[in-house]
Structure formats: structure tokens, C-alpha cells
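>>> Sequence below, structure please.
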Amino acid sequence: MSIKQSGHKLQKLPFCISPDEDRFGVSVTDEILSLLESSAPVAICVSGGKDSQASAIRVSEYLDSISHNGPRILVHSDLGSVEWKDSLPVCERLAKRLSLDLLVLRRKAGDMMERWETRWKNNVERYANLSSVKLILPWSTPSMRFCTSELKTAVITSDLVKRFPGQSIVSVSGIRHAESSARAKMPVARVQPKLSRKGVTGWDWHPLIER
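A predicted model of the protein is given here:
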């Protein structure tokens, strides 16, 4: 079964126990399928949450079904003291179940709490020096997702570019349209600018986006 979305032809590819149950399928574009068939490295981002676990399991089984023989790894970006205490243990058990290496990354400039504290300190200093007339929130919000951009996307893409020089990389995440109005507008796959540098090209792939 094929459908059209965001200019890409999507293929519904069920691969689990019951092939008649579309809920066990993944969505994939022609571009992603071409990369996978050419043995592109696949980095599956995992947080310890149920969506990322489901994404890792389904994608791993799908890659096996198409005989993908490129590198595969799980990637976990540790947010530090604000992280759920079982996040890493869950990711470690998932890696063991899938027989994949788990790459654990952390922001060198400090964890999420340190980022919030620094943001507040700088904010107060600007206000005291009259260079700002309004205090801003120090923590992340739905409209200010620097936690994702700085502590996840930037950290992960930087490592992948160094790890797979000169290659085309597929970065997998388990986001879904049903999660929010913003994510409802996201495509199944798109070029990731932070992976497309230094001779490397990269795509974000959201295989469960329609689930």
C-alpha cells in the first residue's frame, strides 16, 4: 500500500507477527529506502520512553527484513540530573535485547540543569545592567525547545558526523503525529542540516510518525 505525503511516496511496510495489522508497520520514503539499501549507517535515538523503544524494535526488525547490512547503533543523549533515573537502564536493556551497541552522549558544557542555571544567571545580569527590561524564563518550554536542539540534536549530530565520515547517515526518532499540533505537521523524513556537513549527508527518519 502506498500513499502520498509531503511530496514523498510512502510505503507501508508491515514486518511483525501479523502482516495484516498495519499498526505494526513503519512508514518510509523512497529516499530513506534508497539509503538503507545502500548500507547507510542507521542511528536510532532512544530516550528510555515507550515511543523510542517501539521505534528501535520495529526499525531493527524492518532493517533485518530488507537485509540492511550497514552499521546500526542506539544513541542516548543523557540530560543529567533532570533525567528519569531509569532512562539509561532501560536503554541498556533495549540494546542488549537488540544486540546493538549503545552510544551514550552528554553535552560537554553541562547538563540540562546547568544550562537552565546559566541561562538564569545571564538573564539576571542583563537585567541588573539595564541591558534588558524583561526577565525571561530560564527553563525550556514548548516554544523554546533549546533542550532538544542543544542537548540532543547538536550533541548527537556532532558525534555522528565524526563517527561516520563521508557517509550518508539515517537518524531515527520515535516521534508521532498524535503527540502535538507541531509534530502533526512533520514529514516521515527530511534532510537534517546538522548532519549535512564535512562531506557527510544525513536524514531524519520518523518511522512511527503516523502511528
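>>> Would you mind listing the residues in contact with the residue most central in space within the chain?
The C-alpha lying nearest the average C-alpha coordinate of the chain belongs to Ser173 (CA atoms, centre = their mean; 3.6 Å). Contacts for Ser173 (CB atoms under 8 Å, 6 or more residues apart in numbering) come out as Cys45, Ser52, Ser55, Asp204, Trp205, His206. (Each C-beta comes from the backbone N, C-alpha and C, glycine too.)
>>> how about 6 Å then?
Cys45, His206 (CB atoms under 6 Å, 6 or more residues apart in numbering).
>>> Let me see the backbone angles for it.
Per-residue torsions, Ser173: phi -140, psi 150 (degrees, to the nearest 10).
>>> Distance-wise, check it relative to Thr118.
27 Å (CB to CB, to the nearest Å).
>>> cool, Val90 as well?
From Val90 over to Thr118 the distance is 29 Å, taken as CB to CB.
>>> neighbour-wise, which of those two wins?
Shown here are Val90 and Thr118; by other CB atoms under 10 Å, Val90 has more neighbours (18 against 13).
>>> for stretch 92-101, which positions count as buried?
Along stretch 92-101, the positions that meet the burial threshold by neighbour count (16 or more other CB atoms under 10 Å) are Glu92, Leu94, Ala95, Leu98, Leu100.
>>> cool, stretch 120-137 as well?
Those would be Asn123, for stretch 120-137 by 16+ other CB under 10 Å.
>>> Check stretch 202-211 too.
Result for stretch 202-211 [16+ other CB under 10 Å]: buried residues Gly202, Trp203, Asp204, Trp205, His206, Pro207, Leu208, Ile209, Glu210, Arg211.
>>> which stretches of this protein form helices?
Here the chain has its helices, by DSSP state H, at 30-37, 50-65, 87-98, 112-128, 146-148, 154-163.
>>> quick one: average confidence on the first one?
Just to be clear, that refers to helix 30-37. For helix 30-37, the mean pLDDT works out to 96.
>>> before we move on, back to that, ranking the helices of the chain by mean pLDDT, which is last?
helix 146-148 (a mean of 55).
>>> For Pro187, give its distance to Glu61.
23 Å.
>>> what do you get for Leu102?
To Glu61, Leu102 is 18 Å away according to CB to CB.
>>> The two - which one has more neighbours?
Neighbours were counted for Leu102 and for Glu61 using other CB under 10 Å; Leu102 has more, 18 against 15.
>>> Tell me who's in contact with that one.
Counting by CB under 6 Å, 6+ apart, Leu102 makes contact with Leu74, Cys91, Ala95.
>>> same thing with Ala189?
Residues near Ala189 by CB under 6 Å, 6+ apart: Thr29, Ile32, Trp203, Trp205.
>>> cutoff 7 Å now
His8, Thr29, Glu31, Ile32, Trp203, Asp204, Trp205, His206 (CB atoms under 7 Å, 6 or more residues apart in numbering).
>>> which one of the residues you listed is nearest Arg107?
For the contacts of Ala189, the residue nearest Arg107 by CB to CB is Asp204; the value is 19.7 Å.
>>> Next, the contact list for that closest one, please.
Ser171, Ser173, Ala189, Arg190, Gln192.
>>> And Ile169, by the same measure?
Here Ile169 is in contact with Ala40, Pro41, Ala43, Leu160, Leu195, Val200, Gly202 (criterion: CB under 7 Å, 6+ apart).
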